[in-house]
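how would this look folded up:
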Amino acid sequence: MQEMSLSRKKSFINKNMINGFSFGVLLVLLIIQIWIIYDKHNVFLENNKSISHTAVNNVKEAILIALETKKRTLDNFVENNRSHIVKLIEQPDNKAQFDYLFNKLKKQLPDLFTINVYREGFGIITEYNDFVGRICKVDLEDYMAVDFHEKRTHPSTVLYHYDEISSLQVNNQRFLFFASFSLDVVVNILDHSTPEDHNLMIVSDSGDGADGWIEITNNGVRNLKDSRKSPIIKSLDSENILSKLSIPETHWNVIDLQDRKFIDRNLDSYIFPSTILYILVAAIILFMRSVLNNSFSLLSNLNEQLVIRNKEITELNSELEDLSVTDALTALYNRRYFDMQYKNEWNRAFRDNKLISVMIIDVDYFKKYNDTYGHPEGDKCLQQVATILKSCINRSSEFVARFGGEEFIAVVNDNKKACEEISRQIHAALQAADLEHKQSDLGRVTVSIGIASAIPDKNNRRSDAIKKADDALYKAKMQGRNQTVIYDV
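Okay, the predicted model is just below:
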């Protein structure tokens, strides 16, 4: 009887152990399954966020490049067509002159909408249309005051647009030649840069109660968008903004407005098959290990692929960052880098109460050089000049950038004497290089240099030093070129 009782007790313990083990396995499997779903979803969210941030950053950089290219083209157009613009200023009612300038600029910039001239104190003087609205005029007045305006979307009964502005002096009177452009380029950038299941758009960041307006999508601009009931970002939408970057010198932000249903669908895509898998594994314990091994193997492969993709994205972002601050032709810094770094150097000099100097270097008779030898040789000439400048302006407190066309600009945190020594080195190096230029008086490539120095304080601006250096350069040109002139207060 005692042996039978022990046998039953032993059998009862074995059954409890098996039941307990089975329950424990099912519980562990359930925990593992939940963890796998959670981990996969987190990996998806991180990957999705990385894709979103890269796309938003790429859109921002592409729009910046497009705007900067358009600005340079307009400035060059104004410089090269100054005589025709002056005629239009003198004869504002000359429609033929207006059409000539409009058609010529439109060949260079096909998305041109209209052109106009603004005269200080008189307003718009060549308006052949009714497209110039209040916002346009506010931007023109701002530009007239501070030589700068932040681009934004201008509403119009015909076409939403934005303006690019270029300044010129005629008979000691300042004028603004400005061109209005459609937003097709921005729409195309959004259309080609939006990843699948993402929704990139441009929204405003300020202006007359328009905070949060959806300005531009890959379907068009605000008044053409009909896929939303309201063109305003609501609080519910704000919670679903996956990435957001502001575009410098504009009133625009690039955002990725993520559809929450897409995230939920992705989570559901994990939950449903995982539940089926759990039921099967619970029914067939021996098959469980194989399923889990396959799941972990799949997860490991996904993580490895994610690491590879993230590394590729990081490398591409690094390359894009380098390209965004480098001039493609000369390999010097570009205008965008100069604007950012010059501001930093100016602020540092302001804090330390130290002198900062600006040098503007211009290749003499470069247009004649291009006309004589052709643009490929002209590009090669600029590259050789850039190499010389880089060799002469190479201290840690100095940098040189391409300012536009055949013009270069350098910042030197030192006195005028140091700048004068650098300019002598540049002239000497060019003379030693002896680059042929048949249309130059000296028969070789030379440069003219204007230098201005200042100790930053509350009474002067960064642009003042550049303006003074430009005045000195102009004087060097007028005195016969191939020389350096230091601005004399």
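
switch to C-alpha atoms for all contacts and neighbour counts from now on
Noted.

show me the contacts for the residue positioned nearest the centre of the chain.
By CA atoms, centre = their mean, the mean C-alpha position of the chain lies nearest to Glu61, the distance being 2.8 Å. By CA atoms under 8 Å, 6 or more residues apart in numbering, the contact set of Glu61 is Ser324.

which helix or which strand is home to it?
Using DSSP states H and E, Glu61 falls within helix 2-80.

contact partners of the helix or strand following that helix?
Later in the chain than helix 2-80, the nearest helix or strand by DSSP H and E is helix 82-90. Outside helix 82-90, the residues within contact range by CA under 8 Å, 6+ apart are 78, 94, 97-98, 101, 117, 125-126, 170.

tell me the secondary structure for Gly450?
With DSSP: H, G, I helix; E, B strand; the rest coil as the basis, Gly450 sits in strand.

my guess is it contacts Lys477, does it?
No - shown here, Gly450 and Lys477 do not form a contact pair, counting by CA atoms under 8 Å, at 9.3 Å.

of those two, who's got more company?
More neighbours surround Gly450 than the other of Gly450 and Lys477, with 29 against 21 (other CA atoms under 10 Å).

can you tell me which residues contact that one?
Gly450 neighbours (CA under 8 Å, 6+ apart): 359-361, 469-476, 484-487.

which non-adjacent residue is nearest it?
Spatial nearest neighbour of Gly450, chain neighbours left out: Leu473 (3.8 Å); criterion: CA to CA, 6 or more residues apart in numbering.

for the host helix or strand of the one you found, output the C-alpha coordinates as CSV.
Here Leu473 sits within helix 462-478, counting by DSSP H and E. Taking C-alpha atoms only, helix 462-478 is exported to CSV below (Å, rounded to 0.1, in the frame of the first residue of the first chain):
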residue,chain,number,x,y,z
ARG,A,462,29.1,92.1,-42.5
SER,A,463,28.0,93.3,-45.9
ASP,A,464,29.8,96.7,-45.3
ALA,A,465,33.2,95.0,-45.5
ILE,A,466,32.3,93.2,-48.7
LYS,A,467,30.9,96.4,-50.2
LYS,A,468,34.1,98.3,-49.4
ALA,A,469,36.3,95.5,-50.8
ASP,A,470,34.1,95.5,-53.9
ASP,A,471,34.6,99.3,-54.2
ALA,A,472,38.4,98.8,-53.9
LEU,A,473,38.2,96.1,-56.6
TYR,A,474,36.3,98.5,-58.8
LYS,A,475,39.0,101.2,-58.3
ALA,A,476,41.7,98.6,-59.1
LYS,A,477,39.9,97.9,-62.4
MET,A,478,39.6,101.6,-63.2
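
how far does that helix sit from the chain's center?
Between the centre of helix 462-478 and the centre of its chain there are 28 Å (CA atoms, centre = their mean, to the nearest Å).

what's the first helix or strand after it?
strand 484-486.

direction included, what does that next one pair against?
strand 447-454 (parallel) (DSSP bridges).

how far does the partner strand sit from the chain's center?
For strand 447-454, the distance to the chain centre is 30 Å (CA atoms, centre = their mean).

going forward can the numbers begin at 181, since that is how I track them
Yep, numbering from 181; the last one is strand 627-634 now.

domain parsing for this protein?
The record's domain parsing of the chain by automatic domain parsing lists 212-441, 515-666.

buried residues, the helix holding Leu653. List them.
Across helix 642-658, burial judged by 16 or more other CA atoms under 10 Å covers 642, 645-646, 648-657.

got any ranges where the stretch 181-330 of the chain has weak pLDDT?
The model of the stretch 181-330 of the chain has pLDDT under 70 over residues 181-203, 307-312.

now for Asp255: which residues touch it?
Residues counted as contacts of Asp255 (CA under 8 Å, 6+ apart) are Ser346.

contacting residues for the residue nearest to Gly630?
540-542, 628-631, 664-665.

got CSV for those residues, with distance to Ser230 and pLDDT too?
CSV is the format used below for these (distance: CA to CA, whole Å; pLDDT from 0 to 100):
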residue, distance to Ser230, pLDDT
Ile540, 41, 96
Ile541, 42, 96
Asp542, 43, 96
Ser628, 48, 96
Ile629, 46, 96
Gly630, 46, 95
Ile631, 46, 94
Thr664, 51, 95
Val665, 51, 95
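
highest neighbour count among those residues?
Greatest neighbour count in those, by other CA under 10 Å, goes to Ile629: 31 neighbours.

which strand residues bridge that one?
Ile541, Thr664.

who's in contact with it?
539-542, 603, 652-653, 656, 662-665.

need the max-distance pair from those.
Spanning the widest gap among the contacts of Ile629 are Met539 and Asn662, at 14.4 Å by CA to CA.

which one's more surrounded, the two?
Met539 (31 against 18).

where does the more buried one fall, phi/psi-wise?
Dihedral angles of Met539 (phi, psi; degrees, to the nearest 10) stand at phi -120, psi 130.

pretty sure it contacts Glu587?
No - in this structure, Met539 is not within contact of Glu587 by CA under 8 Å, at 10.5 Å.

so what's the predicted local confidence for Asn474?
pLDDT recorded at Asn474 is 52.

cool, Asp385 as well?
71.

three-state assignment of Lys424?
strand.

for it, which non-adjacent residue is spatially closest?
Here the residue nearest Lys424, using CA to CA, 6+ apart, is Ile435, at 4.3 Å.

how close does the one you found sit to Ser577?
Note on Ile435: its distance to Ser577, by CA to CA, to the nearest Å, is 37 Å.

and the two? Which one has more around it.
Taking neighbours as other CA under 10 Å, Ile435 and Ser577 compare with Ile435 leading, 26 against 11.

contacts for the strand or helix carrying the more buried one next, please.
Following DSSP H and E, one finds Ile435 within strand 432-437. With contact meaning CA under 8 Å, 6+ apart, strand 432-437 is reached by 232, 236, 239-240, 331-332, 378-385, 417-418, 420-427.

perfect, that will be all.
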